[in-house]
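S.K.: return atomic coordinates for the entry below.
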Amino acid sequence: MPKVLRSGAAKLFGSIRRRARTLVRAAAIGAGALAFTSCSVSSVLTPTVDVGAQTSSISQPRGLARLAPLSAMTAAYPRLSTPRASPGAAMPASEVECRRQLRRMGATYQDLAPINQGGSCRIDHPVQVSRLSGNIQMKPAATLSCDMALAFASWTKKELAPAARWRYLSGVKTIHQGSSYSCRNIAGSGGVASEHSKGNALDVMRIELKNGSDIDVRKPGWFSFRQRSLLNNVRTGGCDYFSTVLGPGYNAAHADHFHFDIKNRRNGYVACK
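M.R.: Model (predicted):
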């Protein structure tokens, strides 16, 4: 073959090989681009779990899947209902502490729903006391503020019960009360609310002992020495626990019972009459 023809053929074949290499290179780039397109940001950020079905056990997403939208991720986990607060949790700390001390005094009580009859006739956190220390029954059960219940339980345990054992050689079986919470005013006061309307007062009518003795709190006769001594102790000992102790001999309205209350007065004045 002439030299000129061989040179032309060589150039032609070289051009063909260069075009072929270019096409191969372009195909490779196209395949890479297609692969990148199939792994878009949207597909990476979407969790692989079925958030509508799996709620109890979900594997932690990996890589960029951790950046999934918050709504999608939280939907995949169980929703926990907010726990309801216990009754005690809604009470002021002072009320909770009062109940703790009331239990320590050996009292049996139950919490009642708030009482609100308008005006001063209300108890935000009332208790109903049915028994006191030493298995002393309260008849009928007394509805009181916790502070009043604690004062009465303390007085019964530390004053009344020891006085009965000392004078009658017997424990107290039952305290018969005539009035605990009651929405009313003080008689003859011109509209002043009674401490009964706040659950801060209790009237004791008689005291029944375990040996069968029944102590009527009305003023005893001249020769009722033991009864007189016990009732004197009831009156004087109560002044250390209550701000008011009124009983037989004070006026006609208190001729047949002892009235105890914890009225808050100026300068801590105590009325024991």
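S.K.: show me the strands in the stretch 151-273 of the chain, by range?
M.R.: 172-179, 201-209, 214-216, 244-246, 258-261, 271-272 (DSSP state E, counting those that start in this stretch).
S.K.: can I get the ones you listed in JSON lines including mean pLDDT and distance to L230?
M.R.: Backbone N, C-alpha and C define where each C-beta goes, glycine included. Output for the strands of the stretch 151-273 of the chain, formatted as JSON lines (pLDDT from 0 to 100; distance: least, Cβ to Cβ, whole Å):
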{"stretch": "strand 172-179", "mean pLDDT": "96", "distance to L230": "10"}
{"stretch": "strand 201-209", "mean pLDDT": "95", "distance to L230": "8"}
{"stretch": "strand 214-216", "mean pLDDT": "89", "distance to L230": "6"}
{"stretch": "strand 244-246", "mean pLDDT": "93", "distance to L230": "14"}
{"stretch": "strand 258-261", "mean pLDDT": "94", "distance to L230": "12"}
{"stretch": "strand 271-272", "mean pLDDT": "86", "distance to L230": "16"}
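S.K.: deepest in the core, which of those strands is it.
M.R.: Using mean count of other Cβ atoms under 10 Å, the stretch among those with the greatest mean number of neighbours is strand 258-261 (a mean of 24).
S.K.: so which elements touch it?
M.R.: helix 146-155, strand 201-209, helix 225-238, strand 244-246 (3 or more Cβ pairs under 8 Å, 6 or more residues apart in numbering; DSSP states H and E).
S.K.: contacts for the third one?
M.R.: When you say that, I think you mean helix 225-238. Identification of contacts with helix 225-238 by Cβ atoms under 8 Å, 6 or more residues apart in numbering yields 155, 159-160, 163-164, 167-168, 204, 207, 215, 217, 220, 245, 247-248, 258, 260, 272.
S.K.: one more: the first one?
M.R.: Contact partners of helix 146-155, identified using Cβ under 8 Å, 6+ apart, comprise 95, 98-99, 101-102, 105-107, 109, 125-127, 129, 132-133, 142, 144, 199-202, 237-238, 240-242, 260-262.
S.K.: what about A164, distance to F260?
M.R.: 17 Å (Cβ to Cβ, to the nearest Å).
S.K.: my bad, V217
M.R.: 11 Å.
S.K.: who touches both of those two?
M.R.: Between them, V217 and F260 share the contacting residues V204, judged by Cβ under 8 Å, 6+ apart.
S.K.: coming back round to it: how about the strands of the stretch 151-273 of the chain in CSV, adding distance to G118?
M.R.: As requested, the strands of the stretch 151-273 of the chain are exported to CSV (distance: least, Cβ to Cβ, whole Å):
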stretch, distance to G118
strand 172-179, 19
strand 201-209, 19
strand 214-216, 36
strand 244-246, 24
strand 258-261, 21
strand 271-272, 27
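S.K.: wait, A164 sits on N211?
M.R.: No - counting by Cβ atoms under 8 Å, A164 stays clear of N211, with 9.4 Å between them.
S.K.: which residues are common contacts for the two?
M.R.: Jointly contacting A164 and N211 under the rule Cβ under 8 Å, 6+ apart are S170.
S.K.: all set, thanks.
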